[in-house]
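Chemist: make a model of this:
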Amino acid sequence: MIAIIDYDMGNIGSVANMLKKIGKKSVITRDPEMIQTASKLILPGVGAFDSGMEQLEKYGLIELIKQKVLIEKTPILGICLGAQLMLNSSEEGVKPGLGLAKGSVIRFHFSPELKLRVPNMGWKPIVLAKTNQLVNTLPEAPRFYFVHSYHFQMENEKDHLLMSEYGYPFCSAFQNENIAGVQFHPEKSHKFGMALLRNFADQN
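Modeler: Numbering: from 1, shown residues only. Next up is the predicted model:
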């Protein structure tokens, strides 16, 4: 069973609906026992970094997530804010992140002549930085739906899974062993999101 972790940060029902549409069972929960028995975890989220960490702390989920992911090696997929929380820190806040993957979250910084707006919104193409089961079978010319003002800055480029560009190239998905995070919204990305979520649900 896939546990979609509910910590009151954004509408996560759309993630469950997308999984249901592709025939994958999931449960939206913050119940520690249900999370403990889950075979895979999804950590979605929309909002501010510190608020997200406060909510995870409020529901007593931080140490449980670390145990499941770092010790038991349960596969986890972070989405948008959820993926940002999986890193060490963020320019958006002062609280430490979960530290599941080594990296930080930084705001888009552009030279004035680029005249680019923040947040980065809309459908954007992605480029594979490496191959693995999560992205190997994406439809041709993959693109995903983004809404974000901050992006990942990984300590090790080997953790880059997908790259995108908005003013400059940035990491839009990371992966290290059982840990993966995406900055975009697969649940809003039609066939491309379906393929990615199916790959996550089917991976060993």
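
Chemist: make it CA atoms for all contacts and neighbour counts henceforth
Modeler: Noted.

Chemist: other SSEs contacting the biggest helix by length in the chain?
Modeler: Longest helix in the chain by number of residues (criterion: DSSP state H): helix 190-202. Contacts defined by 3 or more Cα pairs under 8 Å, 6 or more residues apart in numbering; DSSP states H and E place helix 190-202 against helix 13-21, strand 143-148.

Chemist: which residues are contacting the top strand by length along the chain?
Modeler: Longest strand in the chain by number of residues, with DSSP state E as the criterion: strand 169-176. Outside strand 169-176, the residues within contact range by Cα atoms under 8 Å, 6 or more residues apart in numbering are 101, 126, 151-154, 159-164, 180-184.

Chemist: that strand to strand 143-148, inter-axis angle?
Modeler: For strand 169-176 against strand 143-148, the angle by axes from the mean of the first three to the mean of the last three Cα atoms, to 10 degrees is 100 degrees.

Chemist: for strand 169-176, buried residues please.
Modeler: F170, C171, S172, A173, F174, Q175 (16 or more other Cα atoms under 10 Å).

Chemist: any idea how far G78 is from the fourth one?
Modeler: In this case it means A173. A173 is 9 Å from G78, where distance means Cα to Cα, to the nearest Å.

Chemist: quick one: low-confidence ranges for this structure?
Modeler: Applying pLDDT under 70 to the chain flags no residue at all.

Chemist: what sits up against stretch 12-24?
Modeler: 4, 6, 25-28, 44-45, 187-188, 194, 197-198, 201.

Chemist: counting only helices, which of those residues make the cut?
Modeler: Going by DSSP H, the helices hold M194, L197, R198, A201 from the contacts of stretch 12-24.

Chemist: could I get those as a markdown table with neighbour count and distance to K58?
Modeler: Shown next, in a markdown table, are those (neighbours: other Cα atoms under 10 Å; distance: Cα to Cα, whole Å):
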| residue | neighbour count | distance to K58 |
| --- | --- | --- |
| M194 | 20 | 31 |
| L197 | 23 | 28 |
| R198 | 19 | 31 |
| A201 | 23 | 28 |
